[in-house]
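# Sequence first, predicted coordinates after that:
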Amino acid sequence: MKSLHRPLLALIAAGALALTGCGTTEEPASGSSSAAPSASGAPVSVIDARGKTVTLDAPATRLVGTEWNVLENMASLGTMPVGAADVKGYNAWVQAAKLDDSVKDIGTRGEPSIDTVAALDADVIVATTDLPEAAVAQLEKLAPVVVLKSADASNQIGQAIANLNTVAALTGTQAKATEITSGYESALAAGRTALETAGLKGTRVAFADGWVADGAVSIRPFAKGSLITDINTELGLVTPWELEGDEAYGLASTDVEGMTKVDAEHFVYITNSADGDFTDELKSNAIWNSLAFVKAGNVHRLEDGIWMFGGPASMTQYVNAIVASLTK
């Protein structure tokens, strides 16, 4: 199984199943980000996840992003980055806000090419707390760096919205950020109504992703505290996962045998055609085929390109996809 869909820390700590995603915090007072330009062309000042004040002379137009949720926010706000980490992987996994052909690939999410970034003459580089401090220090020699907190399992939705708002403050696109957030809230309200009308309020939905390595299937539950489960809860769905997720992303780990302990009515997952479908490996697995949701035909693969650790654009895409899948 390819590792494109794993968040950055899982790439850095090879073999770890429950690690990172993307985001920042909800309130500026919590030490993540704040502030905005007072007028077009006016100076911009934000406080990042390190508690560091970063000031730009004017809203940024040449941005570099080192993580996919940051890049999604840039693109969804209409501020196409000049440089992006792992463009090929982004284009495979993030369809809510596509990157155009002008964007320069700066290398991997965990190890951006300093030489490549240096040539881009960026106004600002936006990173996350998943990027090693040594890499951040190198990037700061090239341009101002704003570091956003990667994730917080206590407030994933608010964090994702604040992350978008920080990028909007840096680029002077606050009105567009409000539009995107309002779109998510509208989709959520419509989805909640559609599920309730279909008699699905309170349905137990287990969301996970997975991969195949050396012929064995690993399953990664999105437990309580994950962004996906927080969205499902807002939709009126219930997570049956009793596993404890990590404190940042709410991600856990299990295998096919562990699925027998899950009291789920539906199983929902996202994979990518480029990486293959891990459930294909389970089609002849007796344990998998004995599970109630499998026997009932309630296994739902959502469309490619919904980033499970994304910003409000991906969140809206996910809401529409899961509601359509459960109600069809």
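Structure's in. What do you need?

# Next up, the contacts around residue 294.
Residues near residue 294 by C-beta atoms under 8 Å, 6 or more residues apart in numbering: 267, 288. The C-beta positions use only the backbone N, C-alpha and C, and glycine is treated the same way.

# Helix or strand: which one has it?
According to DSSP states H and E, residue 294 maps onto helix 292-295.

# any idea which helix or strand comes after that helix?
Going down the chain from helix 292-295, the next helix or strand is strand 299-302, by DSSP H and E.

# List the buried residues of that next one.
For strand 299-302, burial by neighbour count (16 or more other C-beta atoms under 10 Å) applies to 299-300, 302.

# Out of these, which comes closest to residue 49?
Residue 49 lies nearest to residue 302 out of the buried residues of strand 299-302, by C-beta to C-beta, at 30.1 Å.

# Tell me, what's the model's pLDDT at that closest one?
Residue 302 carries a pLDDT score of 96 in this model.

# got it, and residue 215?
For residue 215, pLDDT reads 87.

# and if you look at the one 3 residues further on?
The predicted structure scores residue 218 at 95 on the pLDDT scale.

# That one is in contact with residue 256, isn't it?
No. If you go by C-beta atoms under 8 Å, residue 218 and residue 256 don't touch, sitting 9.5 Å apart.

# So what does residue 44 look like in phi/psi?
Phi and psi for residue 44, reported as degrees, to the nearest 10, are phi -120, psi 130.

# all strands in this protein, in order from the N-terminus.
Assigned by DSSP state E, the strands in the chain fall at 44-47, 53-56, 63-65, 83-84, 104-105, 124-128, 145-148, 205-213, 216-221, 266-270, 299-302.

# so which of those is the most packed in?
Ranked by mean neighbour count, these are led by strand 63-65 with a mean of 30 (mean count of other C-beta atoms under 10 Å).

# now for that strand, which elements pack on it?
Counting contacts by 3 or more C-beta pairs under 8 Å, 6 or more residues apart in numbering; DSSP states H and E, strand 63-65 packs against helix 68-76, strand 83-84, strand 124-128.

# Strand partners (parallel or antiparallel) of that strand?
Here strand 63-65 is paired, per DSSP bridges, with strand 83-84 (parallel), strand 124-128 (parallel).

# can you list contacts of that strand?
Taking C-beta under 8 Å, 6+ apart as the rule, strand 63-65 contacts 71, 74, 79, 81-85, 106, 117, 120, 122-127, 143, 170-171.

# before we move on, the earlier item: how about the strands paired with strand 63-65 in a markdown table, adding mean pLDDT and distance to residue 261?
As requested, the strands paired with strand 63-65 are arranged in a markdown table below (pLDDT from 0 to 100; distance: least, C-beta to C-beta, whole Å):
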| stretch | mean pLDDT | distance to residue 261 |
| --- | --- | --- |
| strand 83-84 | 98 | 40 |
| strand 124-128 | 98 | 33 |
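
# Can you say which of these is nearest to residue 59?
Of the strands paired with strand 63-65, nearest to residue 59 by C-beta to C-beta is strand 124-128, at 9.6 Å.

# ok and the closest one relative to helix 68-76, angle-wise?
Counting by axes from the mean of the first three to the mean of the last three C-alpha atoms, to 10 degrees, strand 124-128 points 140 degrees away from the direction of helix 68-76.

# For strand 124-128, C-alpha coordinates in CSV please.
Output of strand 124-128 as CSV, limited to C-alpha atoms (Å, rounded to 0.1, in the frame of the first residue of the first chain):
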residue,chain,number,x,y,z
VAL,A,124,5.1,33.8,3.3
ILE,A,125,5.6,30.1,3.9
VAL,A,126,2.7,28.4,5.8
ALA,A,127,3.7,25.2,7.6
THR,A,128,2.2,23.1,10.4
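
# Where does the prediction get shaky in this protein?
Judged by pLDDT under 70, the chain has its weakly predicted residues at 1-40.

# what about stretch 73-83, how long is it end to end?
With C-alpha to C-alpha, to the nearest Å applied, stretch 73-83 spans 14 Å between its terminal residues.

# Look through this protein and report the residue furthest from the middle.
Seen from the C-alpha centroid of the chain, the residue lying at the greatest distance (C-alpha atoms, centre = their mean) is residue 286, 32.9 Å away.

# For it, give its distance to residue 260.
Distance check for residue 286 against residue 260: by C-beta to C-beta, to the nearest Å, it reads 11 Å.

# just residue 48 next, same as before
44 Å.

# Count the neighbours of residue 185 for me.
16 (other C-beta atoms under 10 Å).

# Could you measure from it over to residue 312?
Look at residue 185 and residue 312: by C-beta to C-beta, they are 9 Å apart.
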